[in-house]
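# Structure, please.
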Amino acid sequence: MQNSAAAVHAWLDTRVDYERTPPQGSPATAFGLQRMRKLLAAVGNPHVGLPVVHVAGTKGKGSTVAMLAAILDEAGQRTGRYMSPHIHALEERICVGGRPISAADLVAASRIVRPAVETLDAAAARRQSRGPTWFEIVTALAFVHFMRSRVDIAVLETGLGGRLDATNVVRPLVSVITSISLDHIELLGRTVAKIAGEKAGIIKRGRPVVSGAEQPAARRVIAAVAGRRRARLVQLGRDFTCRHEPAADPLSPGHVVVYPPTRSGPGDPLRFPLAMPGRHQATNAALATVAAMTLDAAGHNVPPEAISRGLARAHLPARIEVLARRPLVVVDAAHNVASVESLVETVAPVLASLEPRVLLFAAARDKQLPEMLAAVRGRFDHVLVTRYASNQRAATIPTLLDACRQAGLPTPRVADSPAAGLTLARRLAGRGGVVVIAGSFFLAAEVREAAGITRQR
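Below you'll find the model as predicted:
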C-alpha cells in the first residue's frame, strides 16, 4: 500500500496513460465510461450528489475552469477544481480552495482507490481486457478527495472530448462548452461538426448549457443536442456578448465587458478586471461569468462582487506568461492551430516593436504541425525547433523540420533540448529582443524548469 506521494506516483506510472501514448484502435474501446462507472461504484460513488459544473471545449476550457473556480471561492463556496494537463506535478490537477492536493491527502485518497483498481484489474484480466487507465484513476482520486474535503461544488475540465471522457459520469448543475476547433482529429473527428458532437456529449437532460462556440457548424450541433435533451442553451453572440478592453501593455491583463443574458437578449454591460492577458481570455471570462450567474439564479449565491474578485485573481502558468524581460521571454502552452493564432494576435504589438524576434517550438507528433507553424509565418527573425523529453508523443526533429518546410518557414535552427533552446533563443534575441515559446504544455514545463520555475505563480 502507498505510504508516500512518491509511491502513488510510481504506481500511477505503471498505468496506461493516453496523454503519453495515443490509444490504438477505436476511441470507444480506448475510452468509454464503463470502467469509470465501475471504479467509482467500488469506492462509494463519491460523485453522486456532488454539485458540479462540467467544462469541455477545444481551447480555453482550463482558463474557464480556473476563472469559475476562483469566482466560486470568492463567493464563499468550498470549491473543488479538476483540470488537465498539469505543468509540473500531478497534484496541480486536483485543488480545493485553489490549493493543490497535499501529499498526505493524495496518499489517503489512493488508499481508497487502489484496492478498487486492483479488484477491477483482476476481473479485467479474466476477461482479457484492460483495467482502469491513468486518467480514470486520477479522476477517481479527485472525486474521493472532493468527498473527503466536503466541497460545496466542483468545477471539472474534461480530459479529451467529452462524450467518452472519464469525467462525463456527473450530472452537472450547468455544462459549459468553450470554443471549438480542430484538435485530436484522429480521435475526435476531422471536422468541426464531429468534434462539436463529442464536446456536446457533456450536455445532460434538463440541465442548462453555456456555449462559447462560434463556428456555425459547431453551433448547429450543440443546439441540436441541447434541443434533444431539453437543455436550455445560452449561446455567446446570441444571448450574451462580450468585448475585451486591453491594457496599454499587450502582455498585461485588461478588462472584460460582459453583456449578460436577459429574456430579450444581451443586457446592460458589466465590467470586470482580468488576471490573464489576451482577447481570448475575455471570452473565457464571459463564459465563466454567465455560468456563475446561472448558478446564482439556481440558488448558489454568486454576487457580482465575487465575479469581479475571482476574475481579478484567476491565473494559470504558461498562458502568455512572461518569464523574463531582457530579453522579453513569453511562454504559452498553445498546442493547436486556434491557440497559436490567439497567441500571435496577443503578442503581435510586441513583435512589431521589439527585435530580433525568436520562436522556440516543439509539439506532439499528432498535431497539425504545418498549420500551427503557418500561423507564425513572417512573424519571426529566427525559428528554433526542439524536442521535449517528458512525453513519448513529442514530434521528432526531422518531423518538425519538414513541418517548417511545408509551412513556408526558412530552415530553422535545432536545439537538442528545451533548455538548450531557451539558452540559444535568448542569445539570438539579445537584451532588446523577444523570445516566444509555444507548441505544447510539455515544452512549457521544461522551459519553465530551465528558467528555475517549478510551481504555479
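# ok, A42 touching D121?
No: distance between A42 and D121: 11.4 Å, which falls outside the contact criterion (Cβ atoms under 8 Å). Bear in mind the C-beta positions are built from the backbone N, C-alpha and C, glycine included.
# Those two - which one has more neighbours?
When neighbours are counted by other Cβ atoms under 10 Å, A42 and D121 differ, and A42 comes out ahead with 17 against 13.
# Report the separation between that one and P132.
Distance from A42 to P132, counting by Cβ to Cβ, to the nearest Å: 10 Å.
# same thing with H86?
Distance from H86 to P132, counting by Cβ to Cβ: 19 Å.
# Could you check which of those two is surrounded by more residues?
Between H86 and P132, P132 has the larger neighbour count (other Cβ under 10 Å), namely 25 against 18.
# give me phi/psi at that one?
Main-chain torsions, P132, degrees, to the nearest 10: phi -60, psi 140.
# A70 now?
With angles defined as degrees, to the nearest 10, A70 sits at phi -60, psi -40.
# Enumerate every residue touching it.
Counting by Cβ atoms under 8 Å, 6 or more residues apart in numbering, A70 makes contact with 98, 309-311, 313-314.
# mind running it again at 10 Å?
Residues near A70 by Cβ atoms under 10 Å, 6 or more residues apart in numbering: 79, 81, 98, 155, 275, 288, 306-307, 309-315.
# What separation do you get for it and V337?
Going from A70 to V337 by Cβ to Cβ gives 28 Å.
# now the stretch 151-300 of the chain, which segments are flagged as low pLDDT?
Filtered on pLDDT under 70, the stretch 151-300 of the chain yields the residue ranges 182-190.
# Which stretches in it count as strands?
153-157, 174-177, 209-211, 233-235, 241-245, 255-259, 261-262, 265-266, 270-273 (DSSP state E, counting those that start in this stretch).
# Run a quick neighbour tally on the closest residue to A338 other than its chain neighbours.
Spatial nearest neighbour of A338, chain neighbours left out: S181 (3.9 Å); criterion: Cβ to Cβ, 6 or more residues apart in numbering. The burial count assigned to S181 is 20, neighbours taken as other Cβ under 10 Å.
# doesn't M372 make contact with S181?
No: using Cβ atoms under 10 Å, S181 and M372 do not qualify as a contacting pair, with a distance of 11.6 Å.
# which element follows the helix or strand harbouring P115 toward the C-terminus?
Using DSSP states H and E, P115 maps to helix 103-126. Using DSSP H and E, the next helix or strand after helix 103-126 towards the C-terminus is helix 134-149.
# now for that next one, which elements pack on it?
Helix 134-149 sits against helix 5-12, helix 34-42, strand 79-82, strand 94-96, helix 103-126, strand 153-157, with contacts defined as 3 or more Cβ pairs under 10 Å, 6 or more residues apart in numbering; DSSP states H and E.
# at 7 Å instead, please
helix 34-42, strand 79-82, strand 94-96, helix 103-126 (3 or more Cβ pairs under 7 Å, 6 or more residues apart in numbering; DSSP states H and E).
# Can you give the distance of it from its chain's centre?
How far helix 134-149 lies from its chain's middle: 18 Å, per Cα atoms, centre = their mean, to the nearest Å.
# Helices of the stretch 351-457 of the chain, start to end?
For the stretch 351-457 of the chain, helices defined by DSSP state H, counting those that start in this stretch occupy the ranges 369-374, 397-406, 418-429, 441-450.
# Just the CA trace of the third one, in PDB.
Output of helix 418-429 as PDB, limited to C-alpha atoms (Å, rounded to 0.1, in the frame of the first residue of the first chain):
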ATOM      1  CA  PRO A 418      14.100  22.900 -24.500                       C
ATOM      2  CA  ALA A 419      16.700  24.100 -22.000                       C
ATOM      3  CA  ALA A 420      19.300  24.400 -24.800                       C
ATOM      4  CA  GLY A 421      16.700  26.000 -27.000                       C
ATOM      5  CA  LEU A 422      16.000  28.600 -24.300                       C
ATOM      6  CA  THR A 423      19.700  29.500 -24.000                       C
ATOM      7  CA  LEU A 424      20.100  29.800 -27.700                       C
ATOM      8  CA  ALA A 425      16.900  31.800 -28.200                       C
ATOM      9  CA  ARG A 426      18.000  34.300 -25.500                       C
ATOM     10  CA  ARG A 427      21.400  34.700 -27.200                       C
ATOM     11  CA  LEU A 428      19.800  35.300 -30.600                       C
ATOM     12  CA  ALA A 429      17.300  37.800 -29.100                       C
END
